[in-house]
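[1] return atomic coordinates for the entry below.
(2 chains)
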2 protein chains.
Amino acid sequence: MNNAKLIALDWGTSSLRAYLLGEGGAILETRSSEDGILRVQNGAFVATLKQACGDWLRAHPGVSLLMAGMIGSKQGWLEAPYCPCPADVGAISRALASMQLADGRGVHIVPGLSCTGPDGVPDVMRGEETQIIGALPDRGRQLAVLPGSHCKWAWVEDGTVRDFASFMTGEIYAALTGHTILGRLMRLEAPHDDAAFARGVRYGLGAPEALLSRVFSARTLGLFEQLGADALPSYLSGLLIGSEIGGALARNPDTGTISILGSAALTQRYAQALAIAAVPAVAGPADCAAIGLWRIASAAGLAD
Amino acid sequence: MNNAKLIALDWGTSSLRAYLLGEGGAILETRSSEDGILRVQNGAFVATLKQACGDWLRAHPGVSLLMAGMIGSKQGWLEAPYCPCPADVGAISRALASMQLADGRGVHIVPGLSCTGPDGVPDVMRGEETQIIGALPDRGRQLAVLPGSHCKWAWVEDGTVRDFASFMTGEIYAALTGHTILGRLMRLEAPHDDAAFARGVRYGLGAPEALLSRVFSARTLGLFEQLGADALPSYLSGLLIGSEIGGALARNPDTGTISILGSAALTQRYAQALAIAAVPAVAGPADCAAIGLWRIASAAGLAD
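    Numbering: from 1, shown residues only, chains lettered A, B, ... in the order given. From the prediction side, this is the model:
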């Protein structure tokens, strides 16, 4: 482990993932825990960090620390103000927020990105910019889709994030199933139902502008016994994702290659939904956060 | 009160409204309570009915009872199966569900309406059909908008409901403000903010297909301090209603005259939003449920 070059953390709201990176960004070791920033009490970030990788810190005293994610938010350790789009790895690396630990070690935090959407309305991401930098090549036109609670769609050109949009798909799915009449006919713990999901995607894609109406089908199809309690959760998930895809492609249909950056299960769902929309996509590399952190560290001269 | 012709009830999920109607449907007396069907325990509908208007029943032994609303649902007193669209007052009056009280008095329940929407997906209403029958003239092309938890848009021609669509606007507003990150920056009890509402309507109307994305503006505009905690609830309400209007007009832009049938506060909001969409609307008559019950009773020969 003597060739360690960087300690890199993807530190989000509800989880923490730490990478010990060597020459060329090679992953030497990985740790993960549920110690997201919401779990850190009274600003005890140093203690949580040491719990996650205190042994790395002791073994590699001269190596810098680079972190991305909500750790750089107002609720995090040190605020790293949003870097406005268009932004590439150079702009991001010049906007790091930096401090020193008691032992003098440099700690650096990747800023989130902001953009100005339609009608001057701002949008933000934090953490996803690092995955995008890690996943996408420096040349060509790309669209990155990062599924999740607040799914991000980012339009990237030659390594520069030009524009992006958040979609509250995951969180709205949870609110609809947990806190509206739609959840009452559903067995939420049912396994994924591919056919029901696909039916939902098609219905959502067919009129994304009518989402507030079309979601009601997750009730009437149950009432009329056309879909059962086990199929309805997948159907509603497909309907929301179909509407999301319709809305995103309407914003900017010039996608280039589409990469999905997410967990295996969500990547699989979005790939299926995008195929139904006739815009096939590829899965991004695993550990794109680690690759992105390495690239940003390299651009900032932290990994030499 | 000797000229009473009909005891008419609008008996919904969470409220009950009773009308004693005289010659020509004149409203002689009105009662209302929170004794919706959800409050009725162990099928004690007769007892609840007597509590609401037992004196009317005693005073007018020969007069029929006609009820509309969720009282005719599976969870109600007697199920009145949905009447399929297209449906007019004649079709509805021929599809009443009927029974007798212990004293031989006829009790009749108005069926809800069903229709087949895009891709064969069913939609339903129950109670709103009676308001529509009461509010709209028998001639001409009309669009009725009935705001609420599950807002209904009904396209009506010469007194026949041809097609309709439910929008879950009210219930989704409650889920978003109560159970997602959007509510955290809001002071929900703030008074209505006209300007913020109008801004939301314009943003929702601008791209109804991007609703899952645009709702996130109710967070970012707060984060960037462009809208305060008091303005954000009205903003989100406008955004949802704007998206609803965009989706409804996309389904069928051939509106004819638009009538809004709802409470004064909601009617005012929808009128403002529709004016922004350049499709002005008028408020329907008060007590359109009573008028509708009278018309249905007349067509069924119950009010002679």
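[2] when you work out contacts or count neighbours from here on, use the C-alpha atoms and nothing else.
    Noted.
[3] tell me what the nearest residue to A:L101 once chain neighbours are set aside is bridged to.
    The shortest distance from A:L101 to any non-neighbouring residue, by C-alpha to C-alpha, 6 or more residues apart in numbering or on different chains, is to A:V107 (6.9 Å). In this structure, A:V107 bridges to A:L65, A:M99 when assessed by DSSP bridges.
[4] tell me which parts of the stretch 1-150 of chain A are close to chain B?
    Applying C-alpha under 8 Å from any C-alpha of the partner chain, we find that the stretch 1-150 of chain A lies next to chain B at A:D119, A:V121, A:P122, A:D123, A:V124.
[5] so the residue nearest to A:L101 sits right up against A:S98, yeah?
    Yes. Counting by C-alpha atoms under 8 Å, A:S98 is a contact partner of A:V107 at 5.7 Å.
[6] which one of the two has more residues nearby?
    A:V107 (20 against 15; other C-alpha atoms under 10 Å in any protein chain shown).
[7] still on that earlier bit, report the contact partners of the residue nearest to A:L101.
    Residues counted as contacts of A:V107 (C-alpha atoms under 8 Å, 6 or more residues apart in numbering or on different chains) are A:S64, A:L65, A:L66, A:M67, A:S98, A:M99, A:Q100, A:L101.
[8] follow-up on the earlier one: counting neighbours, which of the residues of the stretch 1-150 of chain A next to chain B end up buried?
    A:V121, A:P122, A:D123, A:V124 (16 or more other C-alpha atoms under 10 Å in any protein chain shown).
[9] immediately after the host helix or strand of A:R202, which helix or strand?
    A:R202 is part of helix A:194-206 when elements are defined by DSSP states H and E. Downstream of helix A:194-206, the next assigned helix or strand under DSSP H and E is helix A:211-214.
[10] and the helix or strand that comes right after that next one, does that touch chain B?
    For helix A:211-214, the following helix or strand on the C-terminal side (DSSP H and E) is helix A:217-223. Yes. Under the criterion of C-alpha under 8 Å from any C-alpha, chain B is reached by helix A:217-223 at A:S217, A:T220, A:L221.
[11] and the contacts of stretch A:209-222?
    Residues contacting stretch A:209-222 (C-alpha under 8 Å, 6+ apart): A:181-182, A:185, A:203-204, A:227-229, A:232, A:235-236, A:239-240, A:243, A:247, B:121-124, B:165-169, B:207-211, B:243-244, B:246-248, B:250-251.
[12] now the closest residue to A:G228 other than its chain neighbours: how far from chain B?
    Excluding its sequence neighbours, the residue lying closest to A:G228 (C-alpha to C-alpha, 6+ apart) is A:G222, at 6.1 Å. Distance from A:G222 to chain B, counting by C-alpha to the nearest C-alpha, to the nearest Å: 10 Å.
[13] so how far is the host helix or strand of A:G54 off the chain centroid?
    For A:G54, the host element (DSSP H and E) is helix A:45-59. Offset of helix A:45-59 from its chain centre (C-alpha atoms, centre = their mean, to the nearest Å): 25 Å.
[14] and the average pLDDT for it is what?
    Helix A:45-59 shows a mean pLDDT of 96.
[15] I'd like the buried ones among the residues of the stretch 1-150 of chain A next to chain B laid out as CSV, including secondary structure and pLDDT.
    Listed next are those as CSV, based on DSSP: H, G, I helix; E, B strand; the rest coil; pLDDT from 0 to 100:
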residue, secondary structure, pLDDT
A:V121, coil, 96
A:P122, strand, 97
A:D123, strand, 98
A:V124, strand, 97
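[16] closest to B:G159 among these?
    A:V121 (43.5 Å; C-alpha to C-alpha).
[17] got the phi/psi numbers for the closest one?
    phi -80, psi 130 (degrees, to the nearest 10).
[18] in the stretch 101-250 of chain A, what residue is nearest chain B?
    Nearest residue of the stretch 101-250 of chain A to chain B, counting by C-alpha to the nearest C-alpha: A:E209, 3.5 Å away.
[19] so what's that residue closest to, chain neighbours aside?
    B:E209 (3.5 Å).
[20] next, count neighbours for that neighbour.
    29.
[21] still on that earlier bit, reformat the contacts of A:V107 as CSV; add pLDDT and distance to A:T48.
    CSV is the format used below for the contacts of A:V107 (pLDDT from 0 to 100; distance: C-alpha to C-alpha, whole Å):
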residue, pLDDT, distance to A:T48
A:S64, 96, 17
A:L65, 97, 14
A:L66, 98, 15
A:M67, 98, 13
A:S98, 98, 18
A:M99, 97, 17
A:Q100, 95, 16
A:L101, 93, 13
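[22] so which of these wins on neighbours?
    A:M67 (28 neighbours).
[23] am I right that that residue falls within a helix?
    No. In this structure, A:M67 is strand, not part of a helix, as judged by DSSP: H, G, I helix; E, B strand; the rest coil.
[24] residues contacting it?
    A:A8, A:L9, A:D10, A:W11, A:V107, A:H108, A:I109, A:V110, A:L293.
[25] can you check A:E225 too?
    No contacts exist for A:E225 under C-alpha under 8 Å, 6+ apart.
[26] ok, A:G301 - how many residues close by?
    By other C-alpha under 10 Å, neighbour count at A:G301 equals 10.
[27] got the confidence number for it?
    97.
[28] need the phi and psi values for it.
    A:G301 adopts backbone torsions of phi 70, psi 30, taken as degrees, to the nearest 10.
[29] measure it to B:W56 for me?
    To B:W56, A:G301 is 87 Å away according to C-alpha to C-alpha, to the nearest Å.
[30] now A:A299
    A:A299 is 84 Å from B:W56, by C-alpha to C-alpha.
[31] quick one: what helix or strand has the closest residue to A:R184 other than its chain neighbours in it?
    Closest residue to A:R184 apart from its sequence neighbours, by C-alpha to C-alpha, 6+ apart: A:T177 at 7.8 Å. Per DSSP H and E: A:T177 is located in helix A:169-179.
[32] tell me the helices and strands packed up against that helix.
    In terms of contacts (3 or more C-alpha pairs under 8 Å, 6 or more residues apart in numbering or on different chains; DSSP states H and E), helix A:169-179 is packed against helix A:232-251, helix B:169-179.
[33] at 6 Å what do you get?
    Applying 3 or more C-alpha pairs under 6 Å, 6 or more residues apart in numbering or on different chains; DSSP states H and E, one finds that helix A:169-179 contacts helix B:169-179.
[34] mind telling me what element A:G104 is part of?
    Per DSSP H and E: nothing holds A:G104, as it lies in no helix or strand.
[35] so for it, what's the pLDDT?
    Looking at A:G104, the pLDDT reads 92.
[36] which strands and helices sit next to the helix holding A:G54?
    So helix A:45-59, by 3+ C-alpha pairs under 6 Å, 6+ apart, packs with no helix or strand.
[37] give the buried residues for it.
    A:F45, A:T48, A:L49, A:A52, A:C53, A:W56, A:L57.
[38] would you list the buried entries among the contacts of stretch A:209-222?
    Using 16+ other C-alpha under 10 Å, the buried ones in the contacts of stretch A:209-222 are A:181-182, A:185, A:203-204, A:227-229, A:232, A:235-236, A:239-240, A:243, A:247, B:121-124, B:165-169, B:207-211, B:243-244, B:246-248, B:251.
[39] where does A:D119 land in three-state SS?
    helix.
[40] do the same with A:D304
    Counting by three-state DSSP, the backbone at A:D304 sits in coil.
[41] any idea how many residues pack against it?
    Neighbours of A:D304 (other C-alpha under 10 Å): 12.
[42] and stretch A:158-172, end to end?
    33 Å.
[43] give me the contact list for that stretch.
    A:85-88, A:138-140, A:148-156, B:212-213 (C-alpha atoms under 6 Å, 6 or more residues apart in numbering or on different chains).
[44] quick one: buried ones out of these?
    A:85-88, A:148, A:150-156, B:212-213.
[45] widest-spaced pair of those residues?
    A:D88 and B:L212, at 26.7 Å, using C-alpha to C-alpha across the buried ones among the contacts of stretch A:158-172.
[46] now do the helices in the stretch 1-150 of chain A.
    Assigned by DSSP state H, counting those that start in this stretch, the helices in the stretch 1-150 of chain A fall at A:45-59, A:89-94, A:128-135.
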